[in-house]
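>>> heads up, no residue letters with this:
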């Protein structure tokens with residue numbers, strides 16, 4: 001079992017904590033096939049180049065082009081591996097009388113409170129490496145392992161086109177299936193896909209992976225195994 005970091009927006013973190021989000025779609029590691037999509041085909045949820053792959057394990061035999069081996073190298077891991085979540089956070093206060101000007105200043109091994117922006121909760125941690133040098137909100141990318149409160153276990157990984165997302169996968173992505181007014185019926189698949197498209201474009205369009213491009217994506221399904229606070 002391996003552990004890797006993964007970043008989530010505040011809304012996604014909130015949905016994970018409420019048990020509403022159990023899936024994420026990512027493009028990292030698929031740059032090659034997204035830059036040359038016409039050379040790739042799809043059968044079910046598996047992509048391949050010129051060769052039909054009876055079994056992904058056959059890729060290790062060397063009988064197939066190196067490009068195909070990306071199917072075995074999802075940057076987020078395989079089923080059974082774990083992901084620790086990076087999210088927006090802030091150091092709140094130390095558990096000892098004074099720290100020069102109430103700044104971080106490299107203090108390690110002393111309990112601190114960490115505030116998580118997604119739900120404004122606080123947990124006590126013991127830093128093992130130097131962290132932020134002030135109490136301002138920090139972007140998710142700056143979170144160290146000791147500050148992470150959420151651990152996920154991967155239960156499935158596949159590759160598919162972004163626009164192949166279906167009704168159940170929209171819900172697994174954390175999209176609310178209910179219409180927000182009294183007596184409202186459940187959303188149609190078109191409404192769910194539209195909501196997901198807006199969420200996707202808010203996070204990915206500026207990175208060159210807009211919905212209209214229909215890029216190949218990793219579909220990583222996971223379960224929450226820890227949200228009780230950072231590891232000791």
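Nice, thanks for sending it over. Quick caveat: nothing in here was measured; it's all calculated off a predicted structure.

>>> Residue 204: neighbour count?
Using other Cβ atoms under 10 Å, residue 204 has 19 neighbouring residues. Heads up, the C-betas are built off the backbone N, CA and C, glycines and all.

>>> So it sits against residue 217, correct?
No: in this structure residue 204 lies outside contact range of residue 217 using Cβ atoms under 8 Å: 9.5 Å.

>>> right, and residue 163 touches residue 214 too?
Yes: look at residue 163 against residue 214 with Cβ under 8 Å: they come within range, at 4.6 Å.

>>> what are the ranges of the helices in the chain?
10-17, 31-35, 167-172, 189-204 (DSSP state H).

>>> Give me the contact list for the third one.
This means helix 167-172. 21-23, 177, 189, 192-193, 195-196, 219, 221 (Cβ atoms under 8 Å, 6 or more residues apart in numbering).

>>> Out of those residues, which one has the lowest pLDDT?
In terms of pLDDT, residue 177 ranks lowest among the contacts of helix 167-172, with 85.

>>> Need the residues touching each of residue 204 and residue 217.
With Cβ under 8 Å, 6+ apart, residue 204 and residue 217 have common neighbours residue 27.

>>> shaky segments in this protein?
36-72, 94-107, 179-185, 227-232 (pLDDT under 70).

>>> Residue ranges of each domain in it, please.
3-29+74-83+151-226, 89-140 (automatic domain parsing).

>>> Out of those domains, flag the one nearest residue 35.
For the domains of the chain, proximity to residue 35 was assessed by Cβ to Cβ; domain 3-29+74-83+151-226 is nearest, at 9.8 Å.

>>> Pull out the buried members of the contacts of helix 167-172.
With neighbours counted by 16 or more other Cβ atoms under 10 Å, the contacts of helix 167-172 contain buried members at 21-23, 177, 192-193, 195-196, 219, 221.

>>> Identify, from those residues, the entry nearest to residue 130.
residue 21 (31.4 Å).

>>> Now do the nearest residue to residue 142 once chain neighbours are set aside against residue 115, distance only.
For residue 142, ignoring the flanking residues on the chain, the nearest one in space by Cβ to Cβ, 6 or more residues apart in numbering is residue 132 at 6.5 Å. Residue 132 sits 12 Å away from residue 115, taking Cβ to Cβ, to the nearest Å as the criterion.

>>> which neighbours do these two share?
Joint contacts of residue 132 and residue 115 (Cβ under 8 Å, 6+ apart) are 90-91.

>>> Quick one: the strands in the chain, in order.
3-7, 23-26, 41-43, 46-48, 82-86, 89-94, 112-116, 121-125, 151-161, 216-226 (DSSP state E).

>>> could I get the ones you listed as TSV with distance to residue 13?
Below are these laid out as TSV (distance: least, Cβ to Cβ, whole Å):
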stretch	distance to residue 13
strand 3-7	10
strand 23-26	11
strand 41-43	31
strand 46-48	30
strand 82-86	7
strand 89-94	10
strand 112-116	7
strand 121-125	10
strand 151-161	11
strand 216-226	11
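
>>> Which one of those strands lies nearest to residue 34?
strand 216-226 (5.6 Å).
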